[in-house]
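Here is my input; please provide its structure:
(one chain, ligands or ions: 1)
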Amino acid sequence: MQLFLDTASVTDIRTMWEIGILDGVTTNPTLVAKEGRRFEEVLREICALGVPSVSAEVVATETDGMLREGRHLREIHPSIYVKVPMTPAGLRATRILAREKTRVNMTLIFSANQALLAAKVGASYVSPFIGRLDDQGQDGMELIRDIVQIYRNYKFPTQVLVASIRHPVHVLEAAKAGADIATMPYAVMEKLARHPLTDLGLAQFLKDWEKVPKA
Ligand code: E4P
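Alright, predicted model coming up:
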């Protein structure tokens with residue numbers, strides 16, 4: 001399973017990239033706005049680190065504008081995936097971009113039928129937002145299981161990118177469901193490596209080591 005960071009913070013991305021557990025990055029207009037920096041400059045810095053998959057979202061709402069932005073974004077770096085929202089205009093744009101060999105991440109997916117359509121028009125990734133569904137009282141993980149099953153049934157090559165992750169249990173459940181990718185905030189990725197018993201065990205080992213004769 002691939003692990004992505006859901007952020008536009010180059011500092012956070014660099015940290016995880018250097019540890020060696022990062023497979024990609026997803027951004028969205030909200031995350032980019034938080035950084036207060038020019039979008040393209042941020043994208044170039046992320047790509048320059050060597051991150052192999054970097055999703056950058058279009059903000060146009062009509063197909064022509066999406067195509068214009070998508071074609072521009074893909075020229076920035078070969079690692080760019082163009083993120084397109086799940087709307088009729090977005091489906092049309094994705095179909096055209098996919099035929100031009102541009103890799104598209106269809107975003108704002110909240111139903112299995114939307115994911116089915118994204119796969120049919122050739123999206124490389126589909127991004128179901130599970131945390132936002134949970135917030136509404138729906139089971140976000142059930143959507144992941146449905147999409148994984150549908151894609152398996154019909155052998156769609158589209159990868160399931162679990163988005164809107166809020167905590168480590170989401171990552172665990174996504175992995176158990178067979179999702180291809182989980183994208184998460186920095187704080188969640190950091191927690192994946194941690195366990196209080198690891199810290200306690202290490203402290204005890206170091207304490208006991210002091211008792212071992214050294215010469
Ligand atoms: C995914 O690509 C989105 O950027 C993201 O996961 C949305 O998460 P949120 O619901 O925490 O905003």
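
Show residues contacting stretch 64-75.
43, 56, 58-60, 80, 82, 84, 89-90, 93, 96-97, 100, 102-104 (Cβ atoms under 8 Å, 6 or more residues apart in numbering). No exception for glycine: its C-beta is placed from N, CA and C like everyone else's.

mind checking which helix or strand residue 174 is in?
helix 168-177 (DSSP states H and E).

Using PDB, list the CA coordinates for the helix or strand following that helix.
Next helix or strand after helix 168-177 toward the C-terminus (DSSP H and E): strand 181-184. C-alpha atoms of strand 181-184 as PDB (Å, rounded to 0.1, in the frame of the first residue of the first chain):
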ATOM      1  CA  ILE A 181      -3.100   4.400  -1.500                       C
ATOM      2  CA  ALA A 182      -3.900   6.300   1.700                       C
ATOM      3  CA  THR A 183      -3.300  10.100   1.800                       C
ATOM      4  CA  MET A 184      -3.100  11.600   5.200                       C
END
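
so what secondary structure elements neighbour strand 181-184?
strand 2-6, strand 24-26, strand 159-162, helix 168-177 (3 or more Cβ pairs under 8 Å, 6 or more residues apart in numbering; DSSP states H and E).

now for the helix or strand following it, which elements pack on it?
Downstream of strand 181-184, the next assigned helix or strand under DSSP H and E is helix 186-192. With contacts defined as 3+ Cβ pairs under 8 Å, 6+ apart, helix 186-192 has these neighbours: strand 2-6, helix 10-19, helix 168-177.

related to what we said a few turns ago, would a markdown table of the helices and strands packed on strand 181-184 with mean pLDDT, distance to residue 192 and mean neighbour count be doable?
Listed next are the helices and strands packed on strand 181-184 as a markdown table, based on pLDDT from 0 to 100; distance: least, Cβ to Cβ, whole Å; neighbours: other Cβ atoms under 10 Å:
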| stretch | mean pLDDT | distance to residue 192 | mean neighbour count |
| --- | --- | --- | --- |
| strand 2-6 | 98 | 8 | 22 |
| strand 24-26 | 98 | 15 | 26 |
| strand 159-162 | 98 | 14 | 26 |
| helix 168-177 | 98 | 6 | 17 |
